[in-house]
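1. Test case, fold it:
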Amino acid sequence: MTHARRYRIKDVSVAYHHLFIVSDDEDKTVYIFHYQYDKLGHTLILMNSSGTVLINIRQISQIHITFDIYAVDDNEHHNNLLGVLRRRGPPWHHKYIIESVYGEYKIDRTGKLHSHEYKLMQDQQSIAKIHQEDQESDHLASIEIAEDVDKKKDPFILTLVMIQLSL
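-> Okay, the predicted model is just below:
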């Protein structure tokens with residue numbers, strides 16, 4: 001897999017807001033995730049660098065870890081379901097299945113139980129590698145997306161990675 005696009009996710013707390021800044025290879029902010037947790041579960045909002053909301057993610061089940069992923073239109077309506085992410089197997093295995101308008105994806109840990117490496121697969125093909133950084137790093141994770149993946153899918157792929165990192 002040749003990797004053309006690389007992103008880094010950094011965890012930032014600003015006043016009572018939990019933000020994750022996504023930057024590219026040139027250290028330019030390209031996306032921002034706003035994270036909230038309430039009694040109904042996790043909520044993530046993906047915005048572009050100018051603050052326009054692109055994707056809304058809502059946890060719909062805490063027992064069977066499940067998230068709905070919605071595209072947000074120009075009027076900020078989120079009624080276009082892009083996909084559903086579900087955890088499969090025991091929590092320590094970090095296996096996720098995603099059914100989406102783009103097809104079926106899988107996120108799986110590579111290596112042993114304590115590995116911080118993951119891969120995102122579609123049709124038995126690796127389309128992204130995820131490296132969760134250790135505690136000493138100022139970045140939460142780095143992501144490499146294969147060059148043959150349509151760049152328009154990057155926000156969706158980054159959303160899948162962010163959900164996986166938030167669990």
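
2. low-confidence ranges in this protein?
-> Within the chain, the ranges that satisfy pLDDT under 70 run 1-3, 38-41, 76-78, 92, 112-115, 134-138.

3. switch to 90 and redo it
-> Scanning the chain for pLDDT under 90 picks out 1-4, 11-19, 35-44, 59-65, 73-79, 87-95, 109-117, 132-140, 163-167.

4. Could I get the full set of helices for it?
-> With DSSP state H, the ranges of helices along the chain come out as 154-166.

5. Looking at this protein, which strand is longest?
-> Assignment by DSSP state E gives strand 3-14 as the longest strand of the chain.

6. Just checking: what are the partner strands of it?
-> Within its sheet, strand 3-14 is paired with strand 17-23 (antiparallel), strand 141-146 (antiparallel), according to DSSP bridges.

7. chain center to that strand, what's the gap?
-> Between the centre of strand 3-14 and the centre of its chain there are 11 Å (Cα atoms, centre = their mean, to the nearest Å).

8. May I see the buried residues of it?
-> Using 16 or more other Cβ atoms under 10 Å as the test for burial, strand 3-14 gives 5, 7-11. In this view, the C-beta of every residue, glycine as well, is placed from N, C-alpha and C.

9. before we move on, the earlier item: among the strands paired with strand 3-14, pick out the one with the most neighbours on average.
-> Of all those, strand 141-146 has the most neighbours on average by mean count of other Cβ atoms under 10 Å, namely a mean of 21.

10. what angle sits between that one and helix 154-166?
-> 140 degrees (axes from the mean of the first three to the mean of the last three Cα atoms, to 10 degrees).

11. on that earlier part again, and the buried residues of strand 3-14, which is closest to His64?
-> Set against His64, the nearest of the buried residues of strand 3-14 by Cβ to Cβ is Ile9 (25.7 Å).

12. residues contacting that closest one?
-> Contacts for Ile9 (Cβ atoms under 8 Å, 6 or more residues apart in numbering) come out as 20-22, 33, 139-143, 158, 161-162, 165.
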